[in-house]
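Chemist: Any chance you could fold what I've pasted below:
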Amino acid sequence: MKMAKPSAQDIEAAEELHQVLQLIDARFGGPLQNHEAGDDLAVLLDNGTNAFDSDDLQHLQTLYNHLARLHRNAPNYYGRVIGGMLWVIMNEANQILDPKSDCIDLHPRFQEMADQLKEAERGIAAFNAVISYMLGEGRWEEPLEFLRLWNEGDFDALRAEWPDAPQAIYYADPLADHAAIDAALDRADEVLP
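Modeler: Model (predicted):
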């Protein structure tokens with residue numbers, strides 16, 4: 001699901017709403033309830049079947065009580081939610097949202113970090129596969145020559161001389177199709193009991 005970024009007018013309205021909620025919440029411990037009305041506007045208006053009437057004192061008192069209850073149950077919720085969105089998430093200096101997108105999309109740097117993490121994980125997987133192979137099946141197959149070729153990046157020679165070597169060692173090959181290696185390893189994991 002996508003959601004449009006708030007406009008300048010939306011932000012101004014949200015900041016004003018934040019201020020109104022803050023004014024209602026000025027009393028330490030939250031605003032007190034007016035006992036002449038309920039504290040659930042949805043119940044009073046039959047979940048929207050009836051319209052809110054700003055001239056009806058019962059409606060106004062119930063609205064106030066509803067807000068007062070929210071303030072007492074979750075003090076400063078409006079600061080964390082409205083303020084957090086406006087002044088943290090929307091702040092371009094924090095680079096959380098993509099400045100080029102009209103929607104609320106993550107900044108491209110998060111995808112870059114995910115890609116870097118994936119490459120680091122592949123590097124570790126390649127190193128672990130080489131060590132496991134050298135300590136296991138590959139130890140009888142000229143391990144020093146295998147390690148020398150892998151270290152020098154002669155992956156074609158490795159494929160020719162050690163066809164049974166684990167696919168993960170080829171994550172170290174910058175020319176290898178890493179997505180194909182991922183898929184092959186995923187298929188191999190599915191076959192394992």
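Chemist: Any idea which residue is closest to the centre of this structure?
Modeler: The residue lying closest to the centre of the chain (CA atoms, centre = their mean) is residue 106, at 8.2 Å.
Chemist: how close does it sit to residue 18?
Modeler: For residue 106, the distance to residue 18 equals 24 Å [CB to CB, to the nearest Å]. C-beta coordinates here come from the backbone N, C-alpha and C atoms, glycine included.
Chemist: same check, this time on residue 182
Modeler: According to CB to CB, residue 182 stands 46 Å off from residue 18.
Chemist: mind showing which ranges of the protein have poor pLDDT?
Modeler: 138-139, 141, 190-193 (pLDDT under 70).
Chemist: and the longest helix for it?
Modeler: helix 108-135 (DSSP state H).
Chemist: dump the residue contacts of residue 165.
Modeler: Residue 165 makes contacts with 129, 133, 138, 146, 158, 159, as judged by CB atoms under 8 Å, 6 or more residues apart in numbering.
Chemist: ok so, going back, contacts for the next helix or strand after the longest helix of the chain next, please.
Modeler: Moving toward the C-terminus from helix 108-135, the next helix or strand (DSSP states H and E) is helix 143-152. Helix 143-152 has contacts (CB under 8 Å, 6+ apart) with 130, 133, 134, 138, 155, 157, 158, 161, 162, 165, 169, 172.
Chemist: switch to 10 Å and redo it
Modeler: Helix 143-152 is contacted by residues 126-127, 129-131, 133-135, 138-139, 142, 154-158, 160-162, 165, 169-170, 172-173 when judged by CB atoms under 10 Å, 6 or more residues apart in numbering.
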